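>>> can't give you the sequence, but here's the structure:
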């Protein structure tokens, strides 16, 4: 009996060490700044958002960027930016840990650096589909189930919020990066459609789960850290590191127009 228990404990410890290799690599390779000051961190535009002065049509964009300081070794922060038709500015939707309620809705630069970390465009809609999506986003955001709760791990957090919104708005389809910790935290349910609406996932409180979908591929969630494989744009999905392989395509419901790597 003791031998069996010892083997189980040893296997669990080994699994945890393996899962932490990715974040450890990000820290050891100095790809994540450890001595940054949020007060003077870069918050400038990355140039990914269309200029409202030049683009009249409605626009919806979903972004991801490494989180601040050591947290960036583990995951990314995601947000949604919208511009209604003929609007002169963007509206940004996100969840932040330092305010209550946690949901922040404001007019802001949509594609700015997340405290020194460059954003990546995960999905984009334009025209009539974007207009319908904006209506849906505005309708569902006030109903977010965790406006007064924030848990950096395993959730609910900023990625929980964006993934929840995406699931509520049919026009949106987002293939979240594997290191978007909290994306698999399912409010009040264990089984749900994936954020791309091309498959299903099972999740136990964001700690353990499995996902199988045409767009996302296969993902296994262990202690909130994701490993998996994407077969559409062949790549491995690793904790902390993100994707290793082909760049993650950008689009919605199969509209894959721009290819970028998660920074």
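Sure, I can see it. All figures in this text were calculated on a predicted structure; none of them were measured in a lab.

>>> name the element the residue nearest the centre of the chain belongs to?
The centre of the chain sits closest to residue 180, judged by Cα atoms, centre = their mean, with a distance of 4.1 Å. Secondary structure assignment for residue 180, by DSSP states H and E: no helix or strand.

>>> please report how far the nearest residue to it once chain neighbours are set aside lies from residue 222.
Distances taken as Cβ to Cβ, 6 or more residues apart in numbering place residue 159 nearest to residue 180, at 4.3 Å, with adjacent residues excluded. Quick note: C-beta positions are derived from backbone N, CA and C, even for glycine. Separation of residue 159 from residue 222 (Cβ to Cβ, to the nearest Å): 17 Å.

>>> higher neighbour count, those two?
residue 159 (27 against 16; other Cβ atoms under 10 Å).

>>> list the buried residues for the helix or strand harbouring residue 21?
Assigned by DSSP H and E, residue 21 belongs to helix 2-28. For helix 2-28, a neighbour-count test (16 or more other Cβ atoms under 10 Å) marks 19-20, 22-23, 26 as buried.

>>> would you tell me what the next helix or strand after the host helix or strand of residue 105 is?
Per DSSP H and E: residue 105 is located in strand 103-107. Later in the chain than strand 103-107, the nearest helix or strand by DSSP H and E is strand 120-126.

>>> which secondary structure elements does that next one contact?
Packed against strand 120-126, as judged by 3 or more Cβ pairs under 8 Å, 6 or more residues apart in numbering; DSSP states H and E, are the following elements: strand 59-66, strand 248-252, strand 255-260.
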